[in-house]
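Engineer: Give me a 3D structure for the following:
(one chain, ligands or ions: 1)
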Amino acid sequence: MNKFIYLDAAATMLKSERLVDAQAEFLREKYANSGRGVCARVGAVDDMVRDVRNAVARFMNAKYENIIFTSGTTEAINRIVNILKPTPDLVVAVSDLDHHSARLPFQMSGAKMVVVPLDEQLNIDTEQIPYADIFVVTAMSNVLGVAQNIPEIVRRAREKNPNVVVVVDAAQYVVHKSIDVIAWDADFVVWSGHKIGADTGIGVMYIKNPSRFMPDKFGGGMVNTVSRDGVAHFMSPPECFEAGTLPLTQISGLGVAISEIQSKRADLNLIGYLYDELSKLERVKILTRRDACVFSFVIDDMHVLDFGVIAGAHNICVRVGNMCASWIHRVLNIDGSIRVSVGPYNTKDDIDAFIDVVQGCVK
Ligand code: PLP
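Structural biologist: Just a heads-up that it's a prediction; the model follows:
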């Protein structure tokens, strides 16, 4: 059997030894609930949660109270819909760069959807930003891997409607670039921990003005006092948005993942190299740019699922299909594509092995 080669970091990043050790140590030696006791062990868990939240805040140039832990991007966007409660008369702007997770929660809410045009390079066309009450922006498509100009998009959206609520899906962006919520000036920014090397089940929802919104989930851990008449008074943000027990083990790992990604991101020269090599093959149609964060392509007269099976038989894991991003595939006039995405652990040997498989398919 060939060595296992994982080229699907955009779906989820492999975990480092440090991450696995940190979570195992938490489970073995430090485990307790947070915010639910006064003994030293619970206090240490409280400190850990506070420290990781502060690390997330620094990572995004935010403040402590802006950072809410969620289970991931999809949950966060569904929660934003519950927080904003869009009515059918409200206009929600989306784009064809969106992942299903970014658009469907709003679409299913019954709000009026408008699709922002893309320019010739398939970026959000900042010259054609429409009026919107809510603007959903995918900071980096999981198929095309190109960073969008968020400050400019937000500025233009606010020109059309100063009260627009901007929601940024940063699930892919956060893997490759630093988020600066002050420069972005968006109202909500969401991402998933597992894409940057943390565990599944932990994600981040940044809210610019959390006191402006009512919590969307209720229960333990978010109540400050209950008055004599039985009325509950909630804690201040961020805790009032975190009803129930937090995913503590995953939070302990998120701190490690953040420090690791800040010191080492994936080497995008590997994507450039792959681009150069596959450009030489006639039947290969590349959909992405040389400097994109992912590499997506199709092979003439070959179904992407067939390619996925062949790559799998060589023990190489890549993503094939519509990548939960049907709209951009429709724009490209194809049903699906093949996507290679690299993590900090990938090497040129991995890419060479993949190129061999593609060459074998187009012979
Ligand atoms: N948005 C984008 C751009 C993504 O790439 C993904 C995952 O692939 C998601 C949203 C959904 O993330 P999750 O499944 O972690 O909630």
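Engineer: which bits of the stretch 151-300 of the chain sit near the ligand?
Structural biologist: Residues of the stretch 151-300 of the chain lying close to the ligand (Cβ under 6 Å from any ligand atom) are 169, 171-172, 192. Bear in mind the C-beta positions are built from the backbone N, C-alpha and C, glycine included.
Engineer: any chance of the residues you listed in JSON lines, plus pLDDT, neighbour count and secondary structure?
Structural biologist: Shown next, in JSON lines, are those (pLDDT from 0 to 100; neighbours: other Cβ atoms under 10 Å; DSSP: H, G, I helix; E, B strand; the rest coil):
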{"residue": "Asp169", "pLDDT": "98", "neighbour count": "29", "secondary structure": "strand"}
{"residue": "Ala171", "pLDDT": "98", "neighbour count": "27", "secondary structure": "coil"}
{"residue": "Gln172", "pLDDT": "98", "neighbour count": "28", "secondary structure": "coil"}
{"residue": "Ser192", "pLDDT": "98", "neighbour count": "27", "secondary structure": "strand"}
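Engineer: Considering those residues, which is situated nearest to Phe307?
Structural biologist: Gln172 (22.0 Å; Cβ to Cβ).
Engineer: mind listing what that closest one touches?
Structural biologist: 10, 138-142, 145, 195, 293-294 (Cβ atoms under 8 Å, 6 or more residues apart in numbering).
Engineer: same question, Leu27
Structural biologist: Leu27 neighbours (Cβ under 8 Å, 6+ apart): Thr249.
Engineer: sec struct for it, please.
Structural biologist: helix (DSSP: H, G, I helix; E, B strand; the rest coil).
Engineer: and it, how far is that from the ligand?
Structural biologist: 22 Å (Cβ to the nearest ligand atom, to the nearest Å).
Engineer: Give me the pLDDT for that residue.
Structural biologist: On pLDDT, Leu27 comes in at 98.
Engineer: again, but for Lys30
Structural biologist: 97.
Engineer: State the three-state secondary structure for the residue nearest to it when sequence neighbours are not counted.
Structural biologist: Ranked by Cβ to Cβ, 6 or more residues apart in numbering and with sequence neighbours excluded, the top spatial neighbour of Lys30 is Ala44, at 6.3 Å. Put simply, Ala44 is helix when judged by three-state DSSP.
Engineer: Tell me how many other residues crowd Ala44.
Structural biologist: Close neighbours of Ala44, defined as other Cβ atoms under 10 Å, add up to 12.
Engineer: One more: Ile150?
Structural biologist: 24.
Engineer: ok, now the one 5 residues further on?
Structural biologist: Arg155 is flanked by 13 other residues according to other Cβ under 10 Å.
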